[in-house]
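K.L.:
Quick one: sequence and predicted model below, then my questions.
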Protein chains: 2
Amino acid sequence: MIYIGVDIGGTSIKTGFVNEQGQIISRFVIKIIKGEEQVATIKKIGEAINQHIKEHDYQDIVGIGIGCPGAINSTSGYCDYSPNLKWEHLDVCGILSEVCHLKVKIANDANAAVLGEVKFGIAKNYRHVVMLTLGTGVGGGLYLDDKLYEGNEGKGAELGHSLLEYNGRLCGCGKRGCLEAYASATALINDTKKAMMENTQTAMWDYVNHDIDQVDGKTAFETAKKGDVIAKKVVEQYINYLSAGILSFCNIFRPEAVILGGGICAQKDYLIKPIEQILKQQNYGIKNTPEVKILVAKLGNDAGILGAAALLFE
Amino acid sequence: MIYIGVDIGGTSIKTGFVNEQGQIISRFVIKIIKGEEQVATIKKIGEAINQHIKEHDYQDIVGIGIGCPGAINSTSGYCDYSPNLKWEHLDVCGILSEVCHLKVKIANDANAAVLGEVKFGIAKNYRHVVMLTLGTGVGGGLYLDDKLYEGNEGKGAELGHSLLEYNGRLCGCGKRGCLEAYASATALINDTKKAMMENTQTAMWDYVNHDIDQVDGKTAFETAKKGDVIAKKVVEQYINYLSAGILSFCNIFRPEAVILGGGICAQKDYLIKPIEQILKQQNYGIKNTPEVKILVAKLGNDAGILGAAALLFE
């Protein structure tokens, strides 16, 4: 059996043909052409899939799974709105199934990602998993009671927009105090820059060759490892914010594991161990509750394709 | 078919015999004797149930459902810890099934409550529901994808201990900033008292006959209705806190409805309308997401029995 996973990104669309073991046996990439009519883009994906199937003479195809950024209605199969792609009210599943004559399922890309980790990645055999992807924003995915949880119209699991601080920092969504405004890579970069502006002596300036535009999600972590006090404070504050958010999800969901994804996770134990320490100190939320594992996402660059393909296992 | 619902409270245990329409056809109450050995209490409930079945000559009994306060492991059937009852590691389901020879299911009482509202109350036919019970604390219940969600070992849905304010007010659980510390009836009473101490002229003093110990969850609401500015501020602040928590749950779960329970809900529209207004202003969390209904729990005093009985419908 072959499962087709389509990972729609901001600049390109990656398609992978996945076997039952979660191996990608072949793949192709289509560049997204800015300004292209949205229906035409979807048709083009469909035609490329048809051609790829023909070329490889694939049989026993289960269907097509799609992970797409934005507001996705997994029930209707529509991309209701995707600001980066400038797609709106787009019947992705309808168009693709008409072109390919295959079953088509779609989900928000962060929702698909948790499913990929559960089916093929770090969280195999877990029943309750919360996933946070720490990137430009904070993406959220929920796998609850052995099932992807997406909420009404597939619009749930916006964990980055859960509350961290009442009336707190302004978030990109327009509200105040969202977790995303404290725990995204963007927030870490902003906090790093702020600390550098306030402390001209910190070694973080050397790390970025005295060019503040070179600050990224590694700057504070890597400089902290060398003992810089200001960098350590930035990292500590970041971990405290993230841990507070995770603790809240422990109480809300009592998952078996929280998976962290995104570039910051390259810090591995340097990020994970302090979070585990904070959770232990605080009894994982409330007393008499089971431990929650903190795991790092495993699927890396193929997470999008594998998550999308995993939708067909549901 | 008859479903037995057992509602374990702080001072008494209410048992109801419920038909398929959710009507309680007979019932009895047992007082909890302080200091009684915990196993003896459960055996006594079982024997009383047996006797009641015999007296009424009930046939076709599906089983016994139990709603119990504290940390309940719904999988093992144990009450792991209930601080008010002083029960610990108590095999409630095992003991009861031995005495009654019936199928026995147990859940945390707040979890059972949401199930009661979905099966018999205000939220019939809803698929995704979040319930908050605003009392001494803030109890939480989650009904997701047509199913009660309890989390690992049944220890999830502690929505009162989700985060409202990073490093905020000290909560009874020992952590800081929990929703419960802002949105429980206890929090409202504390905020009311604080406002009264700071404002000797507020009409709230007249409402409680100048006795601050008479302040309850109604004091601010009832005085605000008469136009008192300070009372209005207390109510507004309380509603803002509660709405912020609800908004966060909208983004996390994107439920079809949030049910509010507890004494404060007697305020009905005076509580609900401003919350709906805030949710509308804020797009129910993020853009392009479906509306979330705010409902008031309907089952009242029988919610405990009906929620417990509803466990057998799962």
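P.N.:
Received it, and whenever you're ready, just let me know what you need. Numbering: from 1, shown residues only, chains lettered A, B, ... in the order given.
K.L.:
ok, whichever residue of the stretch 1-150 of chain A sits closest to chain B - how many residues close by?
P.N.:
Among residues of the stretch 1-150 of chain A, the one nearest chain B by C-beta to the nearest C-beta turns out to be residue A:71. It sits 4.1 Å away. C-betas here are computed from N, CA, C, even on glycine. Number of residues near residue A:71 (other C-beta atoms under 10 Å in any protein chain shown) recorded here: 22.
K.L.:
Make sure it is actually in contact with residue B:287.
P.N.:
Yes. Using C-beta atoms under 8 Å, residue A:71 makes contact with residue B:287 at a distance of 7.3 Å.
K.L.:
Let me see the contact set for residue A:189.
P.N.:
Under the criterion of C-beta atoms under 8 Å, 6 or more residues apart in numbering or on different chains, the contact partners of residue A:189 comprise A:215-217, A:219.
K.L.:
Reformat these into JSON lines and put neighbour count next to each item.
P.N.:
As requested, the contacts of residue A:189 are arranged in JSON lines below (neighbours: other C-beta atoms under 10 Å in any protein chain shown):
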{"residue": "A:215", "neighbour count": "20"}
{"residue": "A:216", "neighbour count": "17"}
{"residue": "A:217", "neighbour count": "23"}
{"residue": "A:219", "neighbour count": "24"}
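K.L.:
before we move on, back to that, overlap in contacts of residue A:71 and residue B:287?
P.N.:
With contacts taken as C-beta under 8 Å, 6+ apart, the residues that reach both residue A:71 and residue B:287 are residue A:81.
K.L.:
just the helices in chain A please.
P.N.:
Using DSSP state H, the helices found in chain A span residues A:38-56, A:92-100, A:109-119, A:180-183, A:185-198, A:204-207, A:219-225, A:229-253, A:269-281, A:303-310.
K.L.:
Out of the ones you listed, the one nearest residue A:64 is which?
P.N.:
Ranking these by proximity to residue A:64 (C-beta to C-beta) places helix A:92-100 first, at 6.0 Å.
K.L.:
and the angle from the closest one to helix A:38-56?
P.N.:
Using axes from the mean of the first three to the mean of the last three C-alpha atoms, to 10 degrees, the interaxial angle of helix A:92-100 with respect to helix A:38-56 works out to 40 degrees.
K.L.:
hang on, the earlier thing: pipe the helices of chain A into TSV and attach mean pLDDT per row.
P.N.:
Output for the helices of chain A, formatted as TSV (pLDDT from 0 to 100):
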stretch	mean pLDDT
helix A:38-56	97
helix A:92-100	98
helix A:109-119	94
helix A:180-183	97
helix A:185-198	98
helix A:204-207	98
helix A:219-225	98
helix A:229-253	98
helix A:269-281	96
helix A:303-310	95
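K.L.:
Out of those helices, which is closest to residue B:106?
P.N.:
Proximity to residue B:106, assessed across these by C-beta to C-beta, is greatest for helix A:229-253 (20.0 Å).
K.L.:
The closest one and chain B in contact?
P.N.:
Yes. Where contact is defined by C-beta under 8 Å from any C-beta of the partner chain, part of helix A:229-253 touches chain B, namely A:241, A:244-245, A:247-248, A:251-253.
K.L.:
Tell me, what's the model's pLDDT at residue A:287?
P.N.:
Per-residue confidence for residue A:287 comes out at a pLDDT of 77.
K.L.:
and it, what does it touch?
P.N.:
Here residue A:287 is in contact with B:71, B:81, B:173 (C-beta under 8 Å, 6+ apart).
K.L.:
Looks like the second one contacts residue B:71 (just checking).
P.N.:
Yes. With contacts counted by C-beta under 8 Å, residue B:81 reaches residue B:71, the gap being 4.6 Å.
K.L.:
got any residues that touch both of the two?
P.N.:
Any residue near both residue B:81 and residue B:71 by C-beta under 8 Å, 6+ apart counts here, and that gives A:287-288.
K.L.:
which parts of the stretch 151-300 of chain A sit against chain B?
P.N.:
Proximity of the stretch 151-300 of chain A to chain B (C-beta under 8 Å from any C-beta) is limited to residues A:151-153, A:155-159, A:161-166, A:168, A:173-175, A:177, A:182, A:241, A:244-245, A:247-248, A:251-256, A:282-283, A:285-290, A:292.
K.L.:
Of those residues, which qualify as buried by neighbour count?
P.N.:
For those, a neighbour count by 16 or more other C-beta atoms under 10 Å in any protein chain shown gives the buried set as A:151-153, A:155-159, A:161-166, A:168, A:173, A:175, A:177, A:182, A:241, A:244-245, A:247-248, A:251-256, A:282-283, A:285-286, A:288-290, A:292.
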